[in-house]
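Novice: Test case, fold it:
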Amino acid sequence: MREEKTKSPSQKNKRKQTKSWFWPAIYSGIAIVFVGMIWGYTALIKDAPDKTAKSPDSEVVVDVNASKESFKYPFSEELLNDVAILQDYYDMEADESMRENALLVFNQSYVTNSGVSISIDGKPFEVLASMSGVVEEVTTDVFSGDEVVIKHADGMKTVYSSLTGILVKQGDEVAQGDPLATTTQNEWNPAAGVHLLFEVHVDGEPVNPGKHLAFE
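Specialist: Below is the predicted model:
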């Protein structure tokens, strides 16, 4: 008669031991993989480029993705209907009448206008920053009126002349629309009366402000 094989107690214990460590090991492996994914995502976020940058000379945070500003009038837009352009920018490509209107008489000689001379009912008005920037220069001149030069992020400059009561100083950061001063008359161009001489400079040279602003 064939002897029937029976499982020994040691074999039964081995199977029980195998079942006791198998699933915990699987769970531990999954946990390790999950922790690794979280660690990798955190490292990726830390290494991602920052969307802001700090100017080396100041603590002001500049948003590198900020949209570029457009020019605004150097005065309150509520006054736009009362604005008069006394003298145009001297543009060689303009028609003859505009070129003549851009010639200023000084010491019995003609001088070309480097900006636009703006008057509002011949009365003093508040001058506003046409774009945000940094005040590069403030000049006090009784003869031609005080002047403010603002440098902008794109390298352009705006110049505001025939001023009095200047409210800013060199190095100040100004936002678009901030008040700068009040218009006045001057001895260099007395025929204009109380006015603002507004200039736009690109690469150090004056350009026609009409290319950036439309005056009615």
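Novice: Distance of the closest residue to Asp121 other than its chain neighbours relative to Ile166?
Specialist: Spatial nearest neighbour of Asp121, chain neighbours left out: Asp82 (5.3 Å); criterion: CB to CB, 6 or more residues apart in numbering. Where you see a C-beta, it was placed from the backbone N, CA and C, and this is true even at glycine. Distance, Asp82 to Ile166, using CB to CB, to the nearest Å: 23 Å.
Novice: And these two? Which one has more around it.
Specialist: More neighbours surround Ile166 than the other of Asp82 and Ile166, with 19 against 13 (other CB atoms under 10 Å).
Novice: ok, the more buried one - contacts?
Specialist: 138, 140, 146, 148, 180-181 (CB atoms under 8 Å, 6 or more residues apart in numbering).
Novice: if we take these, which one ends up nearest to His201?
Specialist: Closest approach to His201 among the contacts of Ile166 (CB to CB): Val148, at 12.9 Å.
Novice: Quick check: phi and psi on Glu77?
Specialist: When read as degrees, to the nearest 10, the backbone of Glu77 gives phi -70, psi -20.
Novice: next one: the one 3 residues further on
Specialist: Per-residue torsions, Leu80: phi -60, psi -40 (degrees, to the nearest 10).
Novice: isn't it right next to Tyr73, touching?
Specialist: Yes - with contact defined as CB atoms under 8 Å, Leu80 counts as touching Tyr73 (6.7 Å).
Novice: Quickly list the domain ranges of the chain.
Specialist: Using automatic domain parsing, the domain parsing of the chain gives 1-48, 77-211.
Novice: and Phe71, which of the three is it?
Specialist: Under DSSP: H, G, I helix; E, B strand; the rest coil, Phe71 falls in the coil class.
Novice: Looking at the nearest residue to it once chain neighbours are set aside now. What's its pLDDT?
Specialist: Leaving aside its chain neighbours, Phe71 sits nearest to His212 (4.2 Å; criterion: CB to CB, 6+ apart). Per-residue pLDDT puts His212 at 85.
Novice: hang on, the earlier thing: ok, which pair from the contacts of Ile166 is furthest apart?
Specialist: It's Thr140 and Leu180 that sit farthest apart of the contacts of Ile166, by CB to CB, at 13.9 Å.
Novice: which one of these two has more residues nearby?
Specialist: Between Thr140 and Leu180, counted using other CB under 10 Å, Leu180 has the larger neighbour count: 24 against 10.
Novice: where's the closest residue to that one other than its chain neighbours, which helix or strand?
Specialist: Spatial nearest neighbour of Leu180, excluding adjacent residues (CB to CB, 6+ apart): Val127 at 4.8 Å. Following DSSP states H and E, one finds Val127 within strand 126-128.
Novice: which helices and strands sit right next to that strand?
Specialist: Judged by 3 or more CB pairs under 8 Å, 6 or more residues apart in numbering; DSSP states H and E, strand 126-128 is in contact with strand 179-183.
Novice: quick one: contacts of the very next helix or strand once past the strand it packs on?
Specialist: Per DSSP H and E, the first helix or strand lying C-terminal to strand 179-183 is strand 196-202. Outside of strand 196-202, the residues within contact range by CB under 8 Å, 6+ apart are 71, 74-75, 113-119, 125, 127, 130, 145, 155-163, 183, 189, 206-209, 211-212.
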